[in-house]
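Student: Provide a 3D model corresponding to the input given below.
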Amino acid sequence: MLKRALEQTRSACAAADKPVGTHASYGATARRYRNGGCSLITVATNALAISRCAETELATAQG
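Tutor: Predicted coordinates:
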């Protein structure tokens, strides 16, 4: 069902000469979307980005 919805979205965007964008949590998923025609892809989630930043800042603070 999701695959069909994504294909419909890509087709509609192509017909309107618009880029297709999506979010992906993992690099492998981003690659699959890119290979499927998406041209705007983020490869992070807010929670993941915040936790990575927090881990780095905590390590810096701890010395």
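
Student: pull out the buried residues from the helix or strand containing Thr29.
Tutor: Here Thr29 sits within helix 27-35, counting by DSSP states H and E. Applying a neighbour-count criterion of 16 or more other CB atoms under 10 Å, the buried positions in helix 27-35 are 30, 33. Glycine gets a C-beta too; all of them are placed from N, C-alpha and C.

Student: elements contacting it?
Tutor: Helices and strands touching helix 27-35, as assessed by 3 or more CB pairs under 8 Å, 6 or more residues apart in numbering; DSSP states H and E, comprise strand 21-24, strand 40-43.

Student: can you tell me the strand partners of the first one and which way each runs?
Tutor: According to DSSP bridges, strand 21-24 forms sheet pairs with strand 40-43 (parallel).

Student: can you list the neighbours in contact with whatever helix or strand comes next after the partner strand?
Tutor: The C-terminal neighbour of strand 40-43 among helices and strands, as given by DSSP H and E, is helix 46-62. By CB atoms under 8 Å, 6 or more residues apart in numbering, the list of residues contacting helix 46-62 from outside reads Ser25.

Student: please write out the alpha-carbon positions of helix 46-62 in CSV.
Tutor: Written as CSV, here are the backbone C-alpha positions of helix 46-62 (Å, rounded to 0.1, in the frame of the first residue of the first chain):
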residue,chain,number,x,y,z
ASN,A,46,14.6,14.9,15.1
ALA,A,47,15.0,12.4,17.9
LEU,A,48,18.1,10.8,16.3
ALA,A,49,19.7,14.2,15.5
ILE,A,50,19.0,15.5,19.0
SER,A,51,20.3,12.3,20.7
ARG,A,52,23.5,12.3,18.6
CYS,A,53,24.1,16.0,19.5
ALA,A,54,23.4,15.3,23.1
GLU,A,55,25.8,12.4,23.2
THR,A,56,28.6,14.6,21.7
GLU,A,57,28.0,17.5,24.0
LEU,A,58,27.9,15.3,27.0
ALA,A,59,31.2,13.7,26.1
THR,A,60,32.7,17.1,25.5
ALA,A,61,31.4,18.3,28.9
GLN,A,62,32.8,15.2,30.7
